[in-house]
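Visitor: 3D model of this:
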Amino acid sequence: MSYQVLARKYRPKSFDTLVGQEHVVRALTHALENKRLHHAYLFTGTRGVGKTTLSRILAKSFNCIGPDGNGDITATPCGVCEACVAIDAGRFVDYIEMDAASNRGVDEMAQLLEQAVYAPSNARFKVYMIDEVHMLTNHAFNSMLKTLEEPPEHVKFILATTDPQKIPVTVLSRCLQFNLKQMPPGHIVAHLDDILGQEQIEFETPALRLLAQGAHGSMRDALSLTDQAIAYAAGKVTLEAVQGMLGALDQSFLIRLLDALAQKDGAGLLAVADEMATRSLSYNAALQDLGSLLHRIALAQTVPAALPDDLPERDDVLRLAALFDAEEIQLFYQIAVHGRNELGLAPDEYAGFSMTLLRMLAFRPGYGPAEAQAGAPAAAPAARPSAPVATAPAARLSAAPQAVTNSAPVARPAGMSPAMAALQAARSGGKAARPAAVAPASAPTSASAPAANARATAPAQLPTAVPVRAPASVEKSDGIDMPPAPPWDDEVPFGGSDANDAFSSSPAQKKTEVQSGPAVRPQAPAPAQSPAPTPASVPQAVSSRPFELHPVPSLNWDGNWPLLAASLPVRGVAQQLAQQSELLKCAPGADSSQIQFDLLVAVDTLLAAGSVEKLTAALCEHFGQTVRVHTRVGAVEHTANAAAIADRAERQSEAEQSMREDPFVQKLMRDFGAEIVSVKPI
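Guide: As a prediction, this is how the structure comes out:
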């Protein structure tokens, strides 16, 4: 007898032996027991989860007659009657399995439906199982709709697909749909354990877990991999054999990587990466397995009961969970996931993998130049200048006043970045000091300690007076009118004094007078004495002629062209023509039945695309009379656009004035040195 693969030999024959689909088994069992049978079923799910197996079990339940030949529809087919044996052997004449991938046309579907009208030859129901039904053409779907909705009483349809999104809604609405889940790794391991026990094959449980992971939720794939592992290992399924067969990464490499990371050993990290390169291991798979290992460590830290007992590296996972903080594991996991995504963008896989490891090391709290140099070779690096070269921003930073607090700042260890020092201070409950400004190169280092002690013990002092730049009417910059500086104190913008120091235009502007004695808050200038700033969008040109109305009694119109132009129902270029033109004259034309509008237009491009004709039609419709529009190009002043700009400027000025005079805003500016960044009228 020829060998039969495990996937076929151990195919479930009843609902009791089906693994991992309890929700579907429960629904079908209740329906069969209560004789509530549907005429069409749809099974969806990925490959190898039991769609065809469920179809065969359901067909046996429909047609089982029992060992004595007097059975009825049942949820527990006997498996020994003629119908059950024939269906299991694939030779039952009234159970038809059709592959829609190779029979996808309307002709094949018409032939199937023609045969459906005939009664079954030796069964209770004629069952049609259409696999990969989403491969049918639209014409084939349409041809089966009527029969699928109202089939003969002796016909049952069972459809199966891996892609239900491609099935028309009209077909889905006619079927009872069941979504089959992917097999959990625990179910696969238990099933493989049972099968290998029946086959009397020795195995290692970690090897079965690795096979379950490689199956990706498919029981058929797991059984096929088990067949391959039996052949590869010559009859004994071991972890080493399965790792070699699947090309899986030895977890010891990942354990060594995390051990080196715990010891802040950069050289050890690169040594493991180099060893992986000599063995031609996949760095993409390494980052994937590293993410899985970090996930297990996070489980061990938060939910230890969720960690499987049969995990091969369980002891190492528990040990590593004690070496790292939960925040660090979360950070390493995120870096590993992003590093895997960026692996294709790296110069090569080794560079991408090693940079991911170095990124984990660089973001590890407490790692700095001192730790990096600890594992450096004995050869000393090139000499570096003892004092940093003072640049222009650094010089400005050195002139900034130091922030003084009542509490002593938390000391920052050597080699730790300011951001990491703030993180450590937050964990310990203290307050991290703001990084000190860069001192001039000529300043002696010995004077820094007494000064720090003096600042720590002295009471807090705040500047008593801050010079305020006098606002100008309009500032010029490259020929563009700029708004004047705001009347309030702009020496300390949003972000603090350090941010202002880094971007100030001149060190001379950073003068602060400090007076000994009780702290005095800086006084904001009186709002009433400050002129309102002029918005940059307001044109400053002076009108050369006054605005005059041109009333037209025959039109019952006061002649306010800007108001009329803003309300005309025109769009596009015609709207711009109306709003950016000035009315020079409106009077009866040569024909007394016509009214002529003489318009002054800013640019000739507004006269293109039939805009004059559209504007004329809008005026005719508005006044109900014949209107003629005459245009010429020139400098305009009194337009709807200019009126809108002036109105916005007036509302902006009123809003800013109201904000400056608000008592609550004045109190914030006076007590806390607040600034008005921007005001928007509503």
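Visitor: what residues go with each domain of the chain?
Guide: The chain breaks down into these domains under automatic domain parsing: 6-179, 185-246, 251-373, 563-638.
Visitor: got TSV for the ones you listed, with mean neighbour count, mean pLDDT and distance to Leu555 too?
Guide: (Each C-beta comes from the backbone N, C-alpha and C, glycine too.) Converted to TSV, these look like this (neighbours: other C-beta atoms under 10 Å; pLDDT from 0 to 100; distance: least, C-beta to C-beta, whole Å):
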stretch	mean neighbour count	mean pLDDT	distance to Leu555
domain 6-179	17	91	60
domain 185-246	18	88	79
domain 251-373	17	88	69
domain 563-638	16	84	5
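Visitor: Just grab the bridge partners of Val237 for me.
Guide: As for beta bridges, Val237 partners with Phe203 under DSSP bridges.
Visitor: how close does it get to Asp193?
Guide: Distance, Val237 to Asp193, using C-beta to C-beta, to the nearest Å: 11 Å.
Visitor: between those two, what contacts are shared?
Guide: Both Val237 and Asp193 are contacted by 203, 208, under the criterion C-beta atoms under 8 Å, 6 or more residues apart in numbering.
Visitor: The closest residue to Ala7 other than its chain neighbours sits in which helix or strand?
Guide: Leaving out its chain neighbours, the residue that sits closest to Ala7 by C-beta to C-beta, 6 or more residues apart in numbering is Leu223, at 4.2 Å. Taking DSSP states H and E as the definition, Leu223 sits inside helix 219-232.
Visitor: got the contact list for that helix?
Guide: Here helix 219-232 makes contact (C-beta under 8 Å, 6+ apart) with 5-7, 10, 19-20, 47-50, 183, 187-188, 191-192, 195-196, 201, 207, 211-212, 214-215, 237, 241-242, 244-246.
Visitor: same question, stretch 613-623
Guide: By C-beta under 8 Å, 6+ apart, the residues outside stretch 613-623 that reach it are 555, 557, 564, 568-570, 574, 577-578, 595, 597, 626-629.
Visitor: same deal with stretch 190-207?
Guide: Residues outside stretch 190-207 that contact it (C-beta under 8 Å, 6+ apart) are 6, 10, 19, 189, 208, 211-212, 219, 222-223, 226, 229-230, 235-239, 241-242, 310-312.
Visitor: before we move on, what about stretch 91-101?
Guide: Contact with stretch 91-101 is made by 52, 55-56, 59, 63, 83, 86-87, 90, 108, 112, 120-123, 125-136, as judged by C-beta under 8 Å, 6+ apart.
Visitor: Of those, which belong to helices?
Guide: Cross-referencing those against helices under DSSP state H gives 52, 55-56, 59, 63, 83, 86-87, 108, 112.
Visitor: farthest-separated two in the residues you listed?
Guide: Largest separation among these by C-beta to C-beta: Ala83 and Glu108, giving 26.1 Å.
Visitor: OK, contacts around the closest residue to Glu328 other than its chain neighbours?
Guide: Excluding its sequence neighbours, the residue lying closest to Glu328 (C-beta to C-beta, 6+ apart) is Arg364, at 6.7 Å. Going by C-beta under 8 Å, 6+ apart, Arg364 touches 261, 264, 328.
Visitor: show me what contacts Ala233?
Guide: So Ala233 contacts 241-242, 245 (C-beta under 8 Å, 6+ apart).
Visitor: Count residues in the vicinity of the closest residue to Trp557 other than its chain neighbours, would you?
Guide: Sequence neighbours aside, Pro551 is the residue nearest to Trp557 in space, at 6.7 Å (criterion: C-beta to C-beta, 6+ apart). Neighbour count for Pro551, taken as other C-beta atoms under 10 Å: 11.
Visitor: and Pro551, what does it touch?
Guide: Residues near Pro551 by C-beta under 8 Å, 6+ apart: 557-559.
Visitor: Please identify, among the residues you listed, the one with the most neighbours.
Guide: In terms of neighbours by other C-beta under 10 Å, the contacts of Pro551 top out with Trp557 at 17 neighbours.
Visitor: and it, backbone torsions?
Guide: phi -130, psi 140 (degrees, to the nearest 10).
Visitor: is it in a bridge, and if so with what?
Guide: As for beta bridges, Trp557 partners with Val552 under DSSP bridges.
Visitor: State the distance from it to Asn341.
Guide: Noted for Trp557: a distance of 67 Å to Asn341, by C-beta to C-beta.
Visitor: Trp328 against Ile335, yeah?
Guide: Heads up, residue 328 is Glu, not Trp. No. At 10.4 Å, Glu328 does not count as touching Ile335 under the criterion of C-beta atoms under 8 Å.
Visitor: joint contacts of the two?
Guide: By C-beta under 8 Å, 6+ apart, Glu328 and Ile335 have no common neighbours.
Visitor: Let me see the contact set for Phe664.
Guide: Residues counted as contacts of Phe664 (C-beta under 8 Å, 6+ apart): none.
Visitor: no wait, Phe43
Guide: Going by C-beta under 8 Å, 6+ apart, Phe43 touches 24, 51, 54-55, 158-161, 178, 180.
Visitor: among these, which are in strands?
Guide: Those of these mapping onto strands are 158-161, 178, per DSSP state E.
Visitor: Show me which of those residues is closest to Pro681.
Guide: Lowest distance from Pro681 to the ones in strands among the contacts of Phe43 (C-beta to C-beta) belongs to Thr161, with 59.7 Å.
Visitor: Identify the bridge partners of that closest one.
Guide: Beta-bridge partners recorded for Thr161 (DSSP bridges): Thr44.
Visitor: if I read this right, it contacts Ile167, doesn't it?
Guide: Yes. Proximity of Thr161 to Ile167 meets the contact threshold set by C-beta under 8 Å, at 6.3 Å.
Visitor: Common neighbours of these two, please.
Guide: Common contacts of Thr161 and Ile167, defined by C-beta under 8 Å, 6+ apart, comprise 42, 133-134.
Visitor: how about the strands in the stretch 551-682 of the chain?
Guide: With DSSP state E, counting those that start in this stretch as the criterion, the stretch 551-682 of the chain has strands at 581-588, 594-601, 626-633.
Visitor: Just send the ones you listed back as CSV, with distance to Ser292 too.
Guide: Converted to CSV, these look like this (distance: least, C-beta to C-beta, whole Å):
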stretch, distance to Ser292
strand 581-588, 71
strand 594-601, 71
strand 626-633, 73
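Visitor: And those: which comes nearest Gln666?
Guide: Distance to Gln666, taken as C-beta to C-beta, is lowest for strand 581-588 among the strands of the stretch 551-682 of the chain, at 43.0 Å.
Visitor: Report the distance from the closest one to the chain centre.
Guide: How far strand 581-588 lies from its chain's middle: 58 Å, per C-alpha atoms, centre = their mean, to the nearest Å.
Visitor: Adjacent strands (with direction) for that strand?
Guide: Here strand 581-588 is paired, per DSSP bridges, with strand 594-601 (antiparallel).
Visitor: what's next to the partner strand, contact-wise?
Guide: Against strand 594-601 from outside (C-beta under 8 Å, 6+ apart): 552, 554-555, 577, 580-589, 607, 619, 623, 625-636.
Visitor: Compute the inter-axis angle for that strand and strand 626-633.
Guide: Per axes from the mean of the first three to the mean of the last three C-alpha atoms, to 10 degrees, the angle that strand 594-601 makes with strand 626-633 is 20 degrees.
Visitor: Only alpha carbons, please: show stretch 257-267 as PDB.
Guide: Provided in PDB are the C-alpha atoms of stretch 257-267 (Å, rounded to 0.1, in the frame of the first residue of the first chain):
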ATOM      1  CA  LEU A 257      22.400  40.200  21.700                       C
ATOM      2  CA  LEU A 258      20.100  41.100  24.500                       C
ATOM      3  CA  ASP A 259      22.800  40.200  27.100                       C
ATOM      4  CA  ALA A 260      25.300  42.500  25.400                       C
ATOM      5  CA  LEU A 261      22.600  45.200  25.300                       C
ATOM      6  CA  ALA A 262      22.000  44.700  29.000                       C
ATOM      7  CA  GLN A 263      25.700  45.100  29.700                       C
ATOM      8  CA  LYS A 264      25.900  48.200  27.300                       C
ATOM      9  CA  ASP A 265      28.500  46.300  25.300                       C
ATOM     10  CA  GLY A 266      28.600  47.700  21.800                       C
ATOM     11  CA  ALA A 267      31.500  45.500  20.700                       C
END
